[in-house]
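Peer 1: the following block contains a protein sequence and its predicted model.
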There are 2 protein chains.
Amino acid sequence: MFNKRTKIKELLSLEPNNQEVVVMGWVRTFRNNQFIALNDGSTNTNLQVVIGLGKYEDEFLKKITTSAALKITGVVIPSLGKGQKLEIKESKIEILGESDSEKYPLQPKKHSLEFLREIAHLRFRTNTFGSVFRVRHSLAFAVHKFFNDKGFVYMHTPIITASDAEGAGEMFKVTTLPLENPPKNEDGTINFKDDFFGRNTNLTVSGQLEGELAATAFGDIYTFGPTFRAENSNTARHLAEFWMIEPEMAFSDLEDNANLAEEFIKYIVKYVMQLNREDLEFLDQRLAEEEKQLPQDKRSEMGLIEKLEFVLNNNFERLTYTEAFEILKESNHNKKKKFQYPVTGWGMDFQSEHERYLVEKHFKKPVILTNYPKEIKAFYMRQNEDGRTVAAMDILAPGIGEIVGGSQREERLEKLEQRMKEMNIPTSQLWWYLDTRRYGSVPHAGFGLGFERMVQFVTGMSNIRDVIAFPRTPKNAEF
Amino acid sequence: MFNKRTKIKELLSLEPNNQEVVVMGWVRTFRNNQFIALNDGSTNTNLQVVIGLGKYEDEFLKKITTSAALKITGVVIPSLGKGQKLEIKESKIEILGESDSEKYPLQPKKHSLEFLREIAHLRFRTNTFGSVFRVRHSLAFAVHKFFNDKGFVYMHTPIITASDAEGAGEMFKVTTLPLENPPKNEDGTINFKDDFFGRNTNLTVSGQLEGELAATAFGDIYTFGPTFRAENSNTARHLAEFWMIEPEMAFSDLEDNANLAEEFIKYIVKYVMQLNREDLEFLDQRLAEEEKQLPQDKRSEMGLIEKLEFVLNNNFERLTYTEAFEILKESNHNKKKKFQYPVTGWGMDFQSEHERYLVEKHFKKPVILTNYPKEIKAFYMRQNEDGRTVAAMDILAPGIGEIVGGSQREERLEKLEQRMKEMNIPTSQLWWYLDTRRYGSVPHAGFGLGFERMVQFVTGMSNIRDVIAFPRTPKNAEF
């Protein structure tokens, strides 16, 4: 048995008392041939290890380079140095793995986030990405805890799907046919008979439709899994592969849905505020320094932690699409033609600039927009009495834009079938979906939260590629 | 706001005291125009709702059919009937959604599991699948809780991958190229320049290699995500899409790995034993009845709960491949030529029949086999001193076979590169993987647990298609 070590995070909370410990980790710095700053990934705070002067040969000390892996036995003593309560007086140092400091790509200096993306396999070893991924972990756990505590059932909906009806975006094809020479029908189309599934299949864009099936048996369910978009969007807000959380609740309407979404977001933010304070403080400072590079008017009005506290302590603003449309249309910003896309006719889809204006300039807090024009929303959303809107909701967050999209679902079979016909969605392919409206249909609602956008919101990272371990984007599938 | 209801599971734990409640759910049965058995998916136990005799028109009562959705307001009173502590005396019944009992595919009789697979969108409404998927949920939550409590970081490793080096199985291709007419190079091969990622990509078979990258920064990490095999295995034990849990621990050897795996399995089993007792009791009984159809010698020696208790209360048997080989070779079973694949030469890969013999006949408990011949294991496993085995481990479970596969990883750069060359694995494609051995390499280990096999083990379901919501298998991607 090799691993009987104390993790540094735990060790730093001990009272120094000459107790013997074993620690293992990687060297961050080594000063004066005497002070090792050791990190094991459990926290950004390094453990100081003090080496007896003259105890080791130079040959040995030369191997204690940045990123070398060490196993250290020693005792915990109070530290006389500034900045730490305790340190380790070593009795034994073993070098587990050396590291050539000339070649090591992470030099002890500030690297750009762009450069770190190219060495994404090593960037976890920096303070920034250490914090980001510990926070990401805590957010993921908080998601499961929130729904588990409420009695929701976690569903794993399919990743490979034969349905392409949802229309949430372009899809990736999944196949085992030989691309060089796929079998064809007489009319030149692909013959999928010999493909693995015997039919055309794609990567899912959403688990919602399957989630609805489960909700109409278990009442409350949620999904948390990867979803895909084959759109050629090379931006700081888009990924081809990202994780999404999709709760679906039977016996719920749009208001229940909005209430749950707001409670949910506040819960997971509060959870990391309590459990990842140190990481958030680091990220708060990082963001403040990053923003110093920006002109005054581009900087955030609030610091990261200040923003999160503000979100916790204020109700989300709730208004209809129509009310938001009026605000935007009547805004000076619009009248002075400062929007790239002018706000003119009711029914238009809001652009990112409009959403950000509402959230960041007008309300200065998260906003829940409801009851969108039916023409710009999906077929399954419940049709309102006015004949022109549906019971949709989007939640917009400062600095991020749309973070949640949801709706009450159309539970009335006739209305649903009629809308599918209007939108050319084949009802035969979705026979199983329609069955839920045939046999004990119930009012139900749900939403999707893009997990990476949530991580961005909480960590303050401006590029979505910096909150997922190995981003998948156009022309990029490295690692 | 629509949903202000008490879930039936919670309601059943109340003391009946004439308190007013609202319940919503689906009708399971309706007897004598008076007694409704209502289910809302929170538990298999139905709530009895008593209707005042003569209170409603026949027209209305006719709509209370199996699977109709109801909203019921009433008071909780002690039940005079057998089998329940309390019941609801209704003051108001609303029919939320009717259900044509003639057409409803789930008739009030016993359906075969095969038939239920064809209506997988409705099978959640049966007691069997209600229990299976509530247990599946609890197991998933227990997985996260176990690792979170130990300070592991949850990593989302990529689903789409450009690496096909792991060799764990056949892969699905992922592409946006037009299958009818893909761009080609002069030599007739596919030109991937215009594909979404600008290269050949596939669905992942494992997150391990990326997990190792993160473990060498955070120490302890785990993944829990979908993985894929494009193998044409039409059996009760194989899925094309399944969920896998892969912890990876820096500073760990094979013994640490086995210890963690055993602790982990016992933890999640214990968790559901405590929290899903009712569901497990139902499944225990279901299995017993299913096995009554089998000849005596094919039945399990223990009941489901008995088996789980046995697993909790006994150490897993640990032995080497070589020891297991000797046991198998010397067994009467082998000498009497009862194995389909005779046990002859050291180095052979064990078949399912051998594993089951060891687990079910010889040791009668879970077994951890270690130190397999290197020729039958993957390139990344640590080479033992004997030159012919690697530090691999498989855990075999009664009734399931292999449930965990893992190893200590080869942390020595030279040995790893040499083995990759021997096995024709291109080192250039895995430059990032090898970097972890260049810069502060550490002894580390990890394993993969197939989540569906674990759910099978705990629920006693014999076909893996019955423990995942919408199974993906050869020629089948429905729903």
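Peer 2: Good, I have the coordinates.
Peer 1: buried set for stretch A:310-322?
Peer 2: For stretch A:310-322, a neighbour-count test (16 or more other CB atoms under 10 Å in any protein chain shown) marks A:Val311, A:Phe316, A:Glu317, A:Arg318, A:Leu319, A:Tyr321, A:Thr322 as buried. Glycine gets a C-beta too; all of them are placed from N, C-alpha and C.
Peer 1: ok, so of the residues you listed, who is nearest B:Arg438?
Peer 2: Looking at the buried residues of stretch A:310-322 and their distance to B:Arg438, the nearest is A:Val311, at 42.8 Å (CB to CB).
Peer 1: surely the closest one meets A:Ile268?
Peer 2: No. Taking CB atoms under 8 Å as the definition, A:Val311 is not a contact partner of A:Ile268, at 10.9 Å.
Peer 1: what do these two both touch?
Peer 2: Common contact partners of A:Val311 and A:Ile268 (CB atoms under 8 Å, 6 or more residues apart in numbering or on different chains): none.
Peer 1: what's the helix or strand for the residue lying farthest from the centre of chain A?
Peer 2: For chain A, the residue at maximal distance from the C-alpha centroid (CA atoms, centre = their mean) is A:Gly54, at 49.2 Å. According to DSSP states H and E, A:Gly54 maps onto no helix or strand at all.
Peer 1: can you check the one 10 residues further on too?
Peer 2: A:Ile64 is part of no helix or strand, with elements assigned from DSSP H and E.
Peer 1: next, find the distance separating it from A:Ala37.
Peer 2: Taking CB to CB, to the nearest Å as the measure, A:Ile64 falls 11 Å from A:Ala37.
Peer 1: the two - which one has more neighbours?
Peer 2: With neighbours defined as other CB atoms under 10 Å in any protein chain shown, A:Ile64 and A:Ala37 compare such that A:Ile64 has more, 21 against 18.
Peer 1: name the nearest residue to that one, ignoring sequence neighbours.
Peer 2: The spatial neighbour of A:Ile64 that comes closest, neighbours along the chain excluded (CB to CB, 6 or more residues apart in numbering or on different chains), is A:Phe30 at 4.8 Å.
Peer 1: that neighbour - that's part of a strand, no?
Peer 2: Yes. Assigned with DSSP: H, G, I helix; E, B strand; the rest coil, A:Phe30 falls within a strand.
Peer 1: what residues does the stretch 1-150 of chain A have near chain B?
Peer 2: Residues of the stretch 1-150 of chain A lying close to chain B by CB under 8 Å from any CB of the partner chain are A:1-3, A:5, A:7, A:9, A:24-27, A:40-42, A:67-69, A:71, A:96-100, A:103-105, A:121-122, A:124-125, A:130, A:133-134, A:136-137, A:140-141, A:144, A:148.
Peer 1: show me where the stretch 1-150 of chain A has helices.
Peer 2: A:8-11, A:58-61, A:113-118, A:127-149 (DSSP state H, counting those that start in this stretch).
Peer 1: contacts for the third one next, please.
Peer 2: When contacts are defined by CB under 8 Å, 6+ apart, helix A:113-118 is touched by residues A:Arg123, A:Thr126, A:Thr128, A:Phe129, A:Asn463, A:Arg465, A:Asp466, A:Pro471.
Peer 1: state the distance from the third one to A:Glu478.
Peer 2: With the distance defined as CB to CB, A:Thr128 ends up 20 Å from A:Glu478.
Peer 1: same thing with the last one?
Peer 2: For A:Pro471, the distance to A:Glu478 equals 9 Å [CB to CB].
Peer 1: same check, this time on the fourth one
Peer 2: Here the distance between A:Phe129 and A:Glu478 works out to 16 Å (CB to CB).
Peer 1: higher neighbour count, the two?
Peer 2: More neighbours surround A:Phe129 than the other of A:Phe129 and A:Glu478, with 24 against 20 (other CB under 10 Å).
Peer 1: for the more buried one, which non-adjacent residue is closest in space?
Peer 2: For A:Phe129, ignoring the flanking residues on the chain, the nearest one in space by CB to CB, 6+ apart is A:Arg123 at 4.5 Å.
Peer 1: next one: A:Val359
Peer 2: A:Val359 sits nearest to A:Leu396 (CB to CB, 6+ apart), 4.7 Å away.
Peer 1: A:Ile305 now?
Peer 2: Spatial nearest neighbour of A:Ile305, excluding adjacent residues (CB to CB, 6+ apart): A:Asp284 at 4.9 Å.
Peer 1: and the helix or strand the one you found falls within, what does it pack onto?
Peer 2: Using DSSP H and E, A:Asp284 maps to helix A:277-292. Contacts defined by 3 or more CB pairs under 8 Å, 6 or more residues apart in numbering or on different chains; DSSP states H and E place helix A:277-292 against helix A:127-149, helix A:304-313, helix A:451-459.
Peer 1: kindly reformat the ones you listed as TSV containing mean pLDDT.
Peer 2: TSV is the format used below for these (pLDDT from 0 to 100):
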stretch	mean pLDDT
helix A:127-149	98
helix A:304-313	95
helix A:451-459	98
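Peer 1: most tightly packed of the ones you listed?
Peer 2: helix A:451-459 (a mean of 25; mean count of other CB atoms under 10 Å in any protein chain shown).
Peer 1: and the angle for that one with helix A:304-313?
Peer 2: Here the directions of helix A:451-459 and helix A:304-313 differ by 110 degrees (axes from the mean of the first three to the mean of the last three CA atoms, to 10 degrees).
Peer 1: can I get helix A:451-459 in CSV? Just the C-alpha atoms.
Peer 2: Presented in CSV, the C-alpha positions along helix A:451-459 are these (Å, rounded to 0.1, in the frame of the first residue of the first chain):
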residue,chain,number,x,y,z
PHE,A,451,-23.6,23.8,-17.0
GLU,A,452,-20.6,25.5,-18.4
ARG,A,453,-22.3,28.9,-18.6
MET,A,454,-23.2,28.4,-14.9
VAL,A,455,-19.5,27.6,-14.1
GLN,A,456,-18.6,30.8,-16.1
PHE,A,457,-21.0,32.8,-14.1
VAL,A,458,-19.7,31.6,-10.8
THR,A,459,-15.9,31.6,-11.6
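Peer 1: give me the residues contacting that helix.
Peer 2: A:131-132, A:135-136, A:139-140, A:143, A:224, A:237, A:239, A:242-245, A:265, A:268-269, A:272, A:280, A:283, A:304, A:308, A:397, A:399-400, A:402-403, A:461-462, A:464, A:467-468.
Peer 1: change it to 6 Å
Peer 2: With CB atoms under 6 Å, 6 or more residues apart in numbering or on different chains as the test, helix A:451-459 has contacts from A:132, A:135-136, A:242-243, A:245, A:272, A:283, A:397, A:400, A:403, A:464, A:467-468.
Peer 1: equivalent analysis for stretch A:463-479, please.
Peer 2: By CB under 6 Å, 6+ apart, stretch A:463-479 touches A:113, A:117, A:120-121, A:132, A:232, A:234, A:236-237, A:239-241, A:452, A:455-456, A:461, B:155, B:158, B:160, B:162, B:197-198, B:201, B:432.
Peer 1: report the distance from it to the chain centre.
Peer 2: Offset of stretch A:463-479 from its chain centre (CA atoms, centre = their mean, to the nearest Å): 12 Å.
Peer 1: distance between the ends of that stretch?
Peer 2: From its first residue to its last, stretch A:463-479 covers 19 Å (CA to CA, to the nearest Å).
Peer 1: once you drop chain neighbours, what's closest to the residue of the stretch 251-400 of chain A found nearest chain B?
Peer 2: Proximity of the stretch 251-400 of chain A to chain B (CB to the nearest CB) peaks at A:Asp253, 4.0 Å away. Closest residue to A:Asp253 apart from its sequence neighbours, by CB to CB, 6+ apart: B:Phe2 at 4.0 Å.
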